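Engineer: predicted model and sequence below, questions to follow.
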Amino acid sequence: MIHKTESATSLFQPIDRSSFMRWFVTVLAVLLTVFAGPTAAQTSDETLVIGQIAEPKSLDPQTVTATNDFRILVNVFDGLVRFKRGTLEVEPALATDWTVSDDQLTYTFNLREDVTFHDGTPFDAEAVKFTFDRMLDPDHPQHDTGPFPLAFFFSMVEAVETPDPMTVTFQLKEPFAPFLSNLAYPTGLIVSPSAVAESGQGFGRTPVGTGAFRFAEWTPDEAVTLARNADYWDVPPSMETVVFRPIPDGAGRASDMLSGGIDIMADVPPASLAAFRDNPNFVVYQQTGPHLWFLILNTREGPFSDKRVRQAVNYAIDKERLIEDVCRAPQTSPPAPFRPPSTGPMTVPSSLTRTIPRRRAS
C-alpha cells in the first residue's frame with residue numbers, strides 16, 4: 001500500500017508498537033486503503049473508527065479465514081511469534097525465543113513471563129497446548145467449538161508438549177520450513193482456555209486473548225468495539241478505543257469517509273479512488289494484494305477441449321482495458337495464475353499475446 005506522508009500521521013502517532021497501526025498493517029491484505037488526515041477526521045482523537053466491508057463471521061481466530069475478521073483479531077490476541085513490521089521476518093511475541101533441533105522436527109519455545117489473558121487467567125504453556133490441541137485433536141473436549149478451516153496450517157504437528165509451565169515443544173511429523181511463518185499467521189493466535197471452556201461455541205462472540213485491546217462490545221450490524229489493554233505486555237497502544245463498523249456498500253463507506261464518520265476505509269471501491277487521491281485531507285495506502293482473478297476452463301470435454309476455442313477466449317479478453325476501465329487502480333496481468341513474485345521470471349509467449357486486429361484463433 002502507499003505509505004502515509006509524514007504530514008498526515010498525527011492521528012495515528014506513535015505508529016510503532018504503541019499504536020493500533022502496528023497490528024492493523026500486519027494483516028492488511030487489500031489493495032487500497034484510505035486514511036483520513038487530521039483535518040478530515042471528525043471522530044474523537046481517542047477513538048479510531050474503521051469502515052469494514054462486512055460484519056465479522058466470528059472473533060474466534062481458529063474458526064475464520066477472512067482478512068475482514070483478522071483485522072480485528074490481531075488486536076485482541078497474540079501469537080507465539082509475529083511478523084516484524086513491514087517484513088516477513090518472524091520475531092518474538094508471546095515466546096521470547098526458540099530453538100529448532102538439528103533434524104528440524106522439534107521446536108522449543110520459551111514463553112514470556114507475567115502475561116495474563118484479558119479474563120485475568122495466566123498465559124502459560126498449557127494455554128498454548130490447549131489452543132493447538134483444540135484445532136488438531138478430534139477427541140479434545142473443546143474440538144466441537146470449531147470447525148477449524150485452516151487447521152491444515154498445522155497438520156504437520158505430531159504433538160504439543162509442555163515440559164514446564166513456561167516452555168512448550170512442538171513435535172513435527174516431518175520437517176516443514178514454513179512452520180514459524182504459519183505460527184505468525186492469525187490462525188496461530190493463542191486463546192484463553194478458561195474463556196473457551198466457559199463460552200463454548202459462543203467464544204467467537206466474546207473473545208478473550210492477551211492482545212493490545214480487549215473485546216468490549218459487539219452490536220450486530222453496527223460495530224465491534226475494542227478497548228485499550230492498559231496491562232499489555234508490550235508497549236500499550238495510544239488509542240483508548242477502536243471501533244470496526246461494517247459498511248458493505250462501497251459507496252456508503254466512501255461517503256462516511258468523506259464526511260468524517262470513519263478514520264480508515266478498507267477496500268476502496270475503484271469508482272471512489274480519484275476522490276481520495278485528489279483530496280489532500282486523505283492518504284491512500286496501496287500494496288500488492290494476494291488476489292488473482294482468472295478463468296478455469298474445462299479442457300477435458302465441451303467446447304474448451306478445443307485448443308482453438310481456448311485461444312479465442314484468450315484473445316477476446318482485453319486484460320489491459322479491464323484494468324483501466326473496471327479496476328481503475330494499479331493492477332498487473334501476470335503470465336500465469338500465480339502471484340508475483342511467488343515464481344521466477346515468466347514471460348507470455350508472443351503467440352498468446354492479444355492483438356486488436358486478431359479476431360479469431362488460428
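Structural biologist: Arrived safely, thanks for sending.
Engineer: please make it C-alpha for all contacts and neighbour counts, starting now.
Structural biologist: OK.
Engineer: those helices in the stretch 51-200 of the chain, which residues are they?
Structural biologist: In the stretch 51-200 of the chain, the helices defined using DSSP state H, counting those that start in this stretch lie at 67-76, 125-136, 179-184, 193-199.
Engineer: and the ones you listed as a markdown table, adding mean pLDDT and mean neighbour count?
Structural biologist: Putting the helices of the stretch 51-200 of the chain into a markdown table (pLDDT from 0 to 100; neighbours: other Cα atoms under 10 Å) gives the following:
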| stretch | mean pLDDT | mean neighbour count |
| --- | --- | --- |
| helix 67-76 | 95 | 24 |
| helix 125-136 | 99 | 22 |
| helix 179-184 | 97 | 18 |
| helix 193-199 | 98 | 17 |
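Engineer: out of these, flag the one nearest Leu258.
Structural biologist: helix 67-76 (21.3 Å; Cα to Cα).
Engineer: check whether Ala125 really touches Val168, as I assumed.
Structural biologist: Yes: counting by Cα atoms under 8 Å, Val168 is a contact partner of Ala125 at 5.4 Å.
Engineer: any residues in contact with both of the two?
Structural biologist: By Cα atoms under 8 Å, 6 or more residues apart in numbering, Ala125 and Val168 have these common neighbours: 111, 162.
Engineer: returning to what we had before: in a markdown table, list the helices of the stretch 51-200 of the chain along with distance to Ala266.
Structural biologist: Supplementary listing: these in a markdown table, determined by distance: least, Cα to Cα, whole Å:
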| stretch | distance to Ala266 |
| --- | --- |
| helix 67-76 | 9 |
| helix 125-136 | 30 |
| helix 179-184 | 22 |
| helix 193-199 | 30 |
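Engineer: can you tell which of these is closest to Ser333?
Structural biologist: Closest to Ser333 of the helices of the stretch 51-200 of the chain is helix 67-76 (Cα to Cα; 23.3 Å).
Engineer: any weak-confidence spans in the protein?
Structural biologist: Applying pLDDT under 70 to the chain picks out residues 1-44, 287-291, 328-332, 335-362.
Engineer: now do the helices in the stretch 201-350 of the chain.
Structural biologist: 250-259, 273-277, 307-316, 319-321.
Engineer: mean neighbour count, those helices: which tops it?
Structural biologist: Among the helices of the stretch 201-350 of the chain, helix 250-259 has the highest mean neighbour count (mean count of other Cα atoms under 10 Å), at a mean of 19.
Engineer: re earlier: ok, which of the helices of the stretch 51-200 of the chain comes nearest Phe244?
Structural biologist: Of all the helices of the stretch 51-200 of the chain, helix 67-76 sits nearest to Phe244, with 7.6 Å by Cα to Cα.
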